[in-house]
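> Sequence isn't available, so here's the structure alone:
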């Protein structure tokens, strides 16, 4: 009875109860404040790592192995190396589950979200030697950081942005207020369609072998595909050619445009004289009738399209009357201050971006990865049910075996069950120059009972989700 009354006396004391409550709250706040730095009295595996550039990596960022969080970055500070270069030194506090770390392990700073949050990824090696607590992971273990989307958009510097703005203003002023004239030009195309109907009727006749023409055009396109780089250099040469044209724009090119009306009148007089030639051409195309029979099914559709286009193309001569003011507007734009400076800046920008675009462009033009990335991002942020979006839900599953991919591990998943093998490819082939022409990311074959880190064997083709059938590999 004495002890019970003593306990009741303590519990009934407001001062003691308040002191205990304040102490508990203080301890809870202290633990929450230091949660990012690890809980106190918990043994850790501390290492130091050096990277060429910490780029947006800050104190408290995660350290991951195989996608699982195994520690945090305690601090980031610059250090000067023996050759005079400046590098970043990271103080890492890892869980004991990550110990020991092989000395041939690699590390990379990767983005955690599109908003710029980063984390340090460590890929354990297979060496029998390990880093002891307090050792330094050398700079040679750091791998290049992938290009983030914010860095991609930062390639347009201020002069380039201003030049683009001036170009847009110039093009806008060239077409501003000319909507009725452009509409009249389209209406004037009707007479062209009426005069061209007999010729087009002959083209769609079964004896013209019009289908053979398109098959030959397809073969020509397949022939020039391997020289795409040469064609790209052609556009660079065209830039110099148009620059030369600008030097003779006045009076030579200007006079050629101004005399276009007279030339068209002469052509209207000469074309009826060419009727015998057209008759002979009709007989020639008729002789090719066996090769054009494949167009018999589509000719009604083409004829209907031509009849629908006659009203829009009947008034084409009015277009000629608008060529002179349009040319004058273009010449005024060419003479405007800053146009050549903007063209020079665009030329320099293209030359600088050419190596990067040659490497990045196939990821979209061949593999459609940029479209898939934005599509998946939109789906992740919009799909869900009445309880919320799927992106806010995390599922947990029991481990399939030792070193499971879904749990903290000290080595890559390597059995013993068939479903407990790590398949990780940090740098998949995207049909870029120097790589195998394949869209490897998302298409890797799953090799049962094998642990695969890096490129999987064989060619995974160039077909990805969202591509139009038949376009893969273009």
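Here it is on my side, so go on. Model, not experiment: these values are computed from the prediction. Numbering: from 1, shown residues only.
> helix, strand or coil for the residue most central in space within the chain?
Nearest to the mean C-alpha position of the chain, counting by C-alpha atoms, centre = their mean, stands residue 370 at 3.6 Å. On the three-state scheme (DSSP: H, G, I helix; E, B strand; the rest coil), residue 370 is labelled helix.
> What of residue 416?
coil.
> The strand or helix carrying residue 343: which residues count as buried?
Using DSSP states H and E, residue 343 sits within helix 339-365. By 16 or more other C-beta atoms under 10 Å, the buried positions in helix 339-365 come out as 339, 342-343, 345, 349, 360, 362-363. All C-beta atoms are positioned from the backbone trio N, CA, C, and that covers glycine.
> so what's the residue nearest to the centre of the chain up against?
The contact partners of residue 370, taken as C-beta atoms under 8 Å, 6 or more residues apart in numbering, are 363-364.
> Report pLDDT for it.
What the model reports as pLDDT for residue 370 is 83.
> Relative to residue 227, how far out is it?
In this view, residue 370 and residue 227 are 26 Å apart by C-beta to C-beta, to the nearest Å.
> Could you do residue 158 as well?
Distance of residue 158 to residue 227, computed by C-beta to C-beta: 37 Å.
> For residue 242, grab the count of nearby residues.
11 (other C-beta atoms under 10 Å).
> Let me know the secondary structure of it.
Going by three-state DSSP: residue 242 is helix.
> Looking at residue 158 and residue 227, which is more packed in?
residue 227 (11 against 7).
> Confirm that that one lies within a strand, as I assumed.
No - judged by three-state DSSP, residue 227 forms no part of a strand; its state is helix.
> how about the helices of the stretch 151-300 of the chain, start to end?
For the stretch 151-300 of the chain, applying DSSP state H, counting those that start in this stretch gives helices covering 158-175, 179-187, 190-203, 210-224, 228-247, 254-258, 260-270, 275-286, 299-309.
> Would you mind splitting the chain into its domains for me?
Per automatic domain parsing, the domain ranges recorded for the chain read 2-33, 45-148, 158-348, 367-381+405-474.
> what distance separates the third one from the centre of its chain?
With C-alpha atoms, centre = their mean, to the nearest Å as the basis, domain 158-348 stands 32 Å off its chain's centre.
> Check the spacing between the spatially closest residue to residue 128 that is not a sequence neighbour and residue 94 real quick.
Distances taken as C-beta to C-beta, 6 or more residues apart in numbering put residue 102 closest to residue 128, at 7.7 Å, once the chain neighbours are dropped. Distance from residue 102 to residue 94, counting by C-beta to C-beta: 14 Å.
> ok, these two, which is more surrounded?
residue 94 (20 against 16).
> So what does that one look like in phi/psi?
Main-chain dihedrals, residue 94, degrees, to the nearest 10: phi -110, psi 160.
> so what's it up against?
Residue 94 is in contact with 44-47, 63, 70-71, 101, counting by C-beta under 8 Å, 6+ apart.
> Report the beta-bridge partner residues of it.
For residue 94, the beta-bridge partners are residue 45, residue 71 (DSSP bridges).
> Provide a list of residues in contact with residue 199.
Residue 199 neighbours (C-beta under 8 Å, 6+ apart): residue 278.
> Let the chain start at 23 from now.
From this message on, residue numbering opens at 23, which makes the last subject residue 221.
> pLDDT score assigned to it?
So residue 221 comes in at 82 (pLDDT).
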